[in-house]
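Participant: what follows is a predicted structure for the sequence shown.
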Amino acid sequence: MRSPGSPFTSNFDQASILVIDDEAIILESLTTALTEEGYRVLTARDGRQGLEIIQALQPENATIDLIVLDLMLPRLSGIDFCRVLRQQGSTIPILILSARGSETDIVVGLEVGADDYLTKPFGLRELIARCRALLRRRSQELPEAQPILQYQDIILYLQEYRVMVRGAEINLSPKEFSLLELFINNPRRVFSREQLLEQVWGMSYLGDSKTVDVHIRWLREKLERDPSAPQYIITVRGFGYRFG
């Protein structure tokens with residue numbers, strides 16, 4: 001392998017890459033190069049150990065974002081590793097490294113589930129470029145996480161306008177939802193009725209400030225275990241309300 005020269009700047013810092021290769025020199029070289037690019041690198045010396053690492057991370061909700069895989073491995077070959085991983089339903093991108101560069105070898109590797117194929121010897125700059133391309137493609141394919149707000153056992157799903165309280169979904173009106181969103185974004189801050197009117201109803205609202213009290217009462221009835229002794233929306237006498 002050739003020296004990479006000047007390092008790349010990665011757009012995927014903190015992505016986790018699992019490198020599986022039984023050659024210590026290659027494993028060390030790839031680990032150093034990828035770590036310098038800002039990736040978190042895990043290593044395995046054979047296919048079975050690679051599968052064990054992936055399975056061990058699942059209970060912790062940790063993920064592998066890319067696998068760099070040698071084909072000639074002890075215990076479980078790279079080809080068999082791909083088959084097993086895809087049979088388990090995993091969509092983690094796989095970049096195969098192999099000294100076998102015939103068209104047949106490449107086709108077999110891709111058909112068993114690999115996403116890219118790099119023939120040895122290779123330059124580290126090319127390997128890093130291919131890793132970046134696979135990570136970029138994966139980031140575009142994965143659904144964006146829905147923005148949520150959470151305070152203790154209250155969860156707001158902002159895109160869906162849904163609210164869960166102690167594991168059960170509750171129905172809120174648009175104004176109740178906006179009030180709750182404001183409160184959760186500003187825990188323990190005291191809001192006057194006038195401030196709540198301005199931020200939730202808007203400066204053009206001409207109604208009575210008592211409408212705030214009405215909506216607070218409705219919110220408490222839906223959020224609190226005991227609305228008469230609220231734990232979330234607290235009255236601050238002479239000032240207004242605070243959350244938490």
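Facilitator: Alright, I've got the coordinates. Numbering: from 1, shown residues only.

Participant: now the closest residue to residue 231 other than its chain neighbours: how far from residue 89?
Facilitator: Excluding the flanking residues, the one nearest residue 231 by CB to CB, 6 or more residues apart in numbering is residue 224, at 6.3 Å. From N, CA and C alone the C-beta is placed, and that goes for glycine too. The spacing between residue 224 and residue 89, counted by CB to CB, to the nearest Å, is 42 Å.

Participant: ok, now residue 167?
Facilitator: On the measure of CB to CB, residue 167 and residue 89 end up 27 Å apart.

Participant: what's the burial count for residue 223?
Facilitator: For residue 223, the count of nearby residues is 23 (other CB atoms under 10 Å).

Participant: can you pull the pLDDT of the closest residue to it other than its chain neighbours?
Facilitator: Of all residues not flanking residue 223 in the chain, residue 232 sits nearest, at 5.3 Å (CB to CB, 6+ apart). Among the per-residue scores, residue 232 shows a pLDDT of 94.

Participant: next, the contact list for residue 232, please.
Facilitator: Neighbouring residues of residue 232 by CB atoms under 8 Å, 6 or more residues apart in numbering: 151, 154, 183, 220, 223, 224, 243, 244.

Participant: before we move on, what SS does the nearest residue to the fourth one once chain neighbours are set aside have?
Facilitator: Think residue 220. The spatially closest residue to residue 220, leaving aside those adjacent along the chain, is residue 227, at 4.2 Å (CB to CB, 6+ apart). Here residue 227 is recorded as coil under DSSP: H, G, I helix; E, B strand; the rest coil.

Participant: next SSE after the helix ranked longest in the chain?
Facilitator: Identified as the longest helix of the chain according to DSSP state H is helix 124-141. For helix 124-141, the following helix or strand on the C-terminal side (DSSP states H and E) is strand 148-151.

Participant: partner strands of that following strand and their direction?
Facilitator: Partner strands for strand 148-151, per DSSP bridges, with pairing direction: strand 154-157 (antiparallel).

Participant: mind listing what's buried in the strand it pairs with?
Facilitator: For strand 154-157, a neighbour-count test (16 or more other CB atoms under 10 Å) marks 154, 155, 156 as buried.

Participant: try stretch 125-139
Facilitator: For stretch 125-139, a neighbour-count test (16+ other CB under 10 Å) marks 125, 127, 128, 130, 131, 132, 134, 135, 138 as buried.
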